[in-house]
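[1] Dropping a prediction and its sequence here:
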Amino acid sequence: MTDSATFLVDDADVPDLRNAVSHIASVGYSEKRVLECLGLSDISDLKWRALPIYREEKLAVRDVLVLAIDLFLLQGALQTVELDRLFDKTDQDVLVRGGLLSINDKGVARARASLFPVGDRLVFSDHAWPKLPHPGCANIPYDQVMPVGADSRWLARTTTRRPVGAALDLCTGSGVHALLAASHSQRVLAVDISPRAARCARFNVQASGADNVEIAIGDLYEPVRGERFDLITANPPFVPSPVNSLRFRDGGFSGEDIQRRIVEGLPSHLAQGGIAQIVTELGERDDESIADRLRSWLGGAPIDILILRLREHSTENYSIGHAEGDYDFGTFLDSVHDWADNLRTHRYSRIVSVLLVFQWSDPAYGPPWTRSEETQPPLSNTGTEVDVMFAAERMSRMPNLYEILECSRLRRAGPIGLMEARVLGSELRANAQAQLLGKSLPIIRWLDPVEREILVLMEGPLEPPDIISHLRNFGFDKEAIYAAIRLLIRRGLVQLNDK
């Protein structure tokens, strides 16, 4: 069983708990400083197998920030003299009573939960590596609360942060996304089917001081029947698993048991003008697109869909990465076979990590659309970039766009890297790729000759008649030029300026 004594706090202890967490933050315990101390480009790159290297090479100078990192992130042990440097007696006592800290009779202190820095928040959850000697689980408990991992951070970094009225976080786990939404939402409701996860989320709300977050135990939308939300977030269990051993991870044999129901419920719970964002993984088949599957789950609802493909996993690597039996090679190979056989049963050719974004369609921009892009996992906040993608797609679909262009100027959306390439074969063809620089969600676009010439020409704001006049000298007609401008707007490479 998971440690039942963690994430418990009496109301009388809440002020002291907040003071203890504030003290940890005051010593510099933040995502940025942790990366600097450990020499990492992203906190998701942290590896438990490198713990001796981190301690001997990166954390040798034992200042208070290093002590906090070792205790709450690397699951290390502190001697009493080190613990006293990090916390006073009041802080130590409240952390012990809350089930976050244990001190044995030899004066050795260990954290019973990890503290993850995420943006401007600190979030407690179960340890990322529970099979280490502390706490040392032979098998990870079914009700383990999900640590703040890579997919949690991707959702945190890509969620729009515009002000909203009501926000809903499904499969909330530690409550990280509910806490982040609290800063720009009037009301946040966080839901999880696991009582232990709900307890952890409630603990984090108490520790943070957020007064606009409610926690509910229930099965997805069950606690919010009849309600609609301006923001819906979810990082659901998604792993296509043959074992169903972890509640926070396993999404049934197909991996779709929970995420399908989340998407199916969006038409009933997403407010007009609202946005839903889900970071998940989906098995992809060669004869079926992910977009078609999402459309079928929506049941014909007029909702626009943006799919950002963040990472792709071969079925072989996916099976190896999830197989059990680290210390018994035969058991490990048998587990690899079980995982691979399950993926084959569902005809998955690959597993794709995706950000899914949903918004109600506006008839002014035509019928509902689906757009899929390949990019890299974000290393910083990109919520505004997601909003810009939606705005650009809708602008490009306006029926009267050409009339609007006649009254506008066009400019590049920002600095653009242009890369020329030649494809050698039966014909010699010149090709170009363009990328809007300085973006956390970089997308490389192949350009046709008309698009390339427009971008090269646009040293400053230009009116469409000037672009047409220039490009006609290269043999391009007006219709082709306008079509290229529409595509450049859709791709976010060109923006409109009023005259």
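    Everything's here; your move. Numbering: from 1, shown residues only.
[2] And for the longest helix along the chain, what's in contact with it?
    Ordering each helix of the chain by length in residues (DSSP state H) puts helix 329-345 first. Helix 329-345 is contacted by residues 240-243, 253, 283, 315-316, 318-320, 322-326, 351 when judged by Cβ atoms under 8 Å, 6 or more residues apart in numbering. Using the backbone N, CA and C atoms, a C-beta is placed for each residue, glycine as well.
[3] List buried members of those by neighbour count.
    Buried residues within the contacts of helix 329-345, counting neighbours by 16 or more other Cβ atoms under 10 Å: 240-243, 253, 283, 315, 318-319, 322-324, 351.
[4] Out of those, which sit inside helices?
    Those of the buried ones among the contacts of helix 329-345 lying in helices (DSSP H): T315, Y318, S319, H322.
[5] I468 in helix, strand or coil?
    helix (DSSP: H, G, I helix; E, B strand; the rest coil).
[6] Help me confirm that it comes into contact with K478.
    Yes. Counting by Cβ atoms under 8 Å, K478 is a contact partner of I468 at 5.4 Å.
[7] contacting residues for L78?
    L67, D70, L71, L86, V108, A109, R110.
[8] typo on my end, it should be D10
    Contact analysis of D10 by Cβ under 8 Å, 6+ apart lists R97.
[9] how far off helix 329-345 does the strand ranked longest in the chain point, in degrees?
    Longest strand of the chain, by residue count under DSSP state E: strand 270-284. Between strand 270-284 and helix 329-345, the angle comes out at 120 degrees (axes from the mean of the first three to the mean of the last three Cα atoms, to 10 degrees).
[10] And strand 270-284, what's buried?
    270-271, 274-284.
[11] Same check on stretch 210-225?
    So, applying 16+ other Cβ under 10 Å, buried residues of stretch 210-225: A210, V213, I215, I217, L220, Y221, V224.
[12] Regarding A68, which helix or strand does it belong to?
    helix 64-72 (DSSP states H and E).
[13] For that helix, name the packing helices and strands.
    helix 31-38, strand 77-79, helix 80-86, strand 108-111, strand 114-118 (3 or more Cβ pairs under 8 Å, 6 or more residues apart in numbering; DSSP states H and E).
[14] quick one, which of these is nearest to A166?
    strand 114-118 (22.0 Å; Cβ to Cβ).
[15] Pull up the pairing partners for that closest one, direction included.
    Strand pairing for strand 114-118, using DSSP bridges, gives strand 121-125 (antiparallel).
[16] got any ranges where the protein has weak pLDDT?
    1-4, 422-430, 498-499 (pLDDT under 70).
[17] Most remote residue from the middle of it, which is it?
    Relative to the centre of the chain, and counting by Cα atoms, centre = their mean, the farthest-placed residue is N473 at 46.9 Å.
[18] wait, is V191 part of a helix?
    No. Counting by three-state DSSP, one finds V191 to be strand, located in no helix.
[19] Find the nearest non-adjacent residue to it, please.
    Leaving aside its chain neighbours, V191 sits nearest to A216 (4.9 Å; criterion: Cβ to Cβ, 6 or more residues apart in numbering).
[20] Now do that neighbour against R472, distance only.
    63 Å (Cβ to Cβ, to the nearest Å).
[21] What strand or helix carries A421?
    A421 is part of strand 416-423, with elements assigned from DSSP H and E.
[22] in that strand, what counts as buried?
    Applying 16+ other Cβ under 10 Å to strand 416-423 flags I416 as buried.
[23] Paired strands for it, with orientation please.
    Applying DSSP bridges, one finds strand 416-423 paired with strand 429-436 (antiparallel).
[24] Could you pull out the buried residues of the strand it pairs with?
    A432, A434, Q435, L436.
[25] and if you look at stretch 233-246?
    T233, A234, N235, P236, P237, F238, V239, P240, S241, P242, V243, L246.
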